[in-house]
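J.: Attaching a predicted model along with its sequence, questions to come.
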Amino acid sequence: MIHTYLGETIRFEVKYKNRTSIGMTIDGYGNVEVQAPKGTPDDRVRQLLEKNWELIQQKIKEMKARLDGPQKKEYEYGERFLYLGNAYPIQIVQDPTIMQDYVGFKEEKLQIYVKQHDAEKIKQALKRFYYQQCKGLVEKSIATHQCNFKTKPRSIRITDSKTTWGTCDSKLQLTFNWRLAMAPQEVIDYVVIHEMCHMVHLNHDRSFWRLVGKLMPDYKEKENWLTLSGWKMTV
């Protein structure tokens, strides 16, 4: 079915069920489904859609952006980069006297200090910043959750991975993706807990997921955030 409102047209599906109230869900791909009691008038369905129109359009926009993939970075003043789940503008400060290019978080901005205004140097400065921040954030999270585990990780490394957010091997060596510094703290905590649970259960059996769920009952929400937003975590 389709509905047009405020100059925009969407497709949606209606499922009539044995229920007393009308509701709506939007999945991560922008698909809209209305669940309604049997016999619900079409006008009531349209009213629900229009009431949630802004949310629907936002989800559809996010879906389209995800399909298009990350936009090419320009590394110019005001361009936004994620840090702890929020997008902050960058401010570039050229200073030929500094020993090394670096990034600082100040006044709701990522301030990038570089010897010369060069896109590649700005990119590398950002990556170093995220590596450093990720290490500190992960170590703090591990220290917070260590009380739930008898064993301790033998080593903690920050790596550049295209396929995983974290790993734990049989030697209890934990590795984490530097891009995690772009995620909200609670998502970082989930990845940390996930890998620490592998110190007890190396595979993903029922016992493993029971332990994860015990330590973080809403872990699926964090997984969903990574699934839907991981594509944006890039420099």
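T.: Alright, I've got the coordinates.
J.: Helices along this structure, start to end?
T.: With helices called from DSSP state H, the chain shows them at 42-51, 53-68, 119-145, 185-197, 206-215, 219-229.
J.: For residue 2, find the nearest of those helices.
T.: For residue 2, the closest of those is helix 42-51, at 10.5 Å, according to Cβ to Cβ. Placement of C-beta: from N, CA and C, glycine included.
J.: Not counting that closest one itself, show me its contacts.
T.: 3, 5, 10, 12, 14, 22, 24, 32, 34, 36, 56 (Cβ atoms under 8 Å, 6 or more residues apart in numbering).
J.: mind redoing it with 10 Å?
T.: With Cβ atoms under 10 Å, 6 or more residues apart in numbering as the test, helix 42-51 has contacts from 1, 3, 5-6, 10, 12, 14, 16, 22-24, 32, 34, 36-37, 40-41, 56.
J.: quick one: contacts for residue 87?
T.: 79, 80, 81, 110, 182, 232.
J.: Need the helices of the chain in CSV (columns: mean pLDDT and distance to residue 166).
T.: Putting the helices of the chain into CSV (pLDDT from 0 to 100; distance: least, Cβ to Cβ, whole Å) gives the following:
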stretch, mean pLDDT, distance to residue 166
helix 42-51, 94, 39
helix 53-68, 80, 22
helix 119-145, 97, 8
helix 185-197, 98, 4
helix 206-215, 97, 13
helix 219-229, 91, 11
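J.: Can you say which of these is nearest to residue 74?
T.: helix 119-145 (7.4 Å).
J.: buried set for the closest one?
T.: Across helix 119-145, burial judged by 16 or more other Cβ atoms under 10 Å covers 122, 125-126, 129-130, 133-135, 137-138, 141-142, 145.
J.: out of these, who's nearest residue 192?
T.: residue 141 (4.2 Å).
J.: Tell me the spatial nearest neighbour of that closest one, not counting adjacent residues.
T.: Excluding its sequence neighbours, the residue lying closest to residue 141 (Cβ to Cβ, 6 or more residues apart in numbering) is residue 192, at 4.2 Å.
J.: give me every residue that touches the nearest residue to residue 95 once chain neighbours are set aside.
T.: In space, not counting the residues next to it along the chain, residue 95 is nearest to residue 113; the distance is 5.5 Å by Cβ to Cβ, 6+ apart. Going by Cβ under 10 Å, 6+ apart, residue 113 touches 91-95, 98, 100-104, 122, 125.
J.: Likewise for residue 139?
T.: So residue 139 contacts 153, 156, 158, 176, 192 (Cβ under 10 Å, 6+ apart).
J.: The fourth one against residue 137, yeah?
T.: Yes: using Cβ atoms under 10 Å, residue 176 makes contact with residue 137 at a distance of 9.0 Å.
J.: hang on, the earlier thing: check the contacts of residue 87 and tell me the two furthest apart.
T.: It's 110 and 232 that sit farthest apart of those, by Cβ to Cβ, at 15.1 Å.
J.: nearest residue to the residue lying farthest from the centre of the chain other than its sequence neighbours?
T.: In the chain, the greatest distance from the average C-alpha position (Cα atoms, centre = their mean) is reached by residue 39, at 39.7 Å. Leaving aside its sequence neighbours, residue 39 sits nearest to residue 16 (Cβ to Cβ, 6+ apart; 7.6 Å).
J.: Great, nothing more from me.
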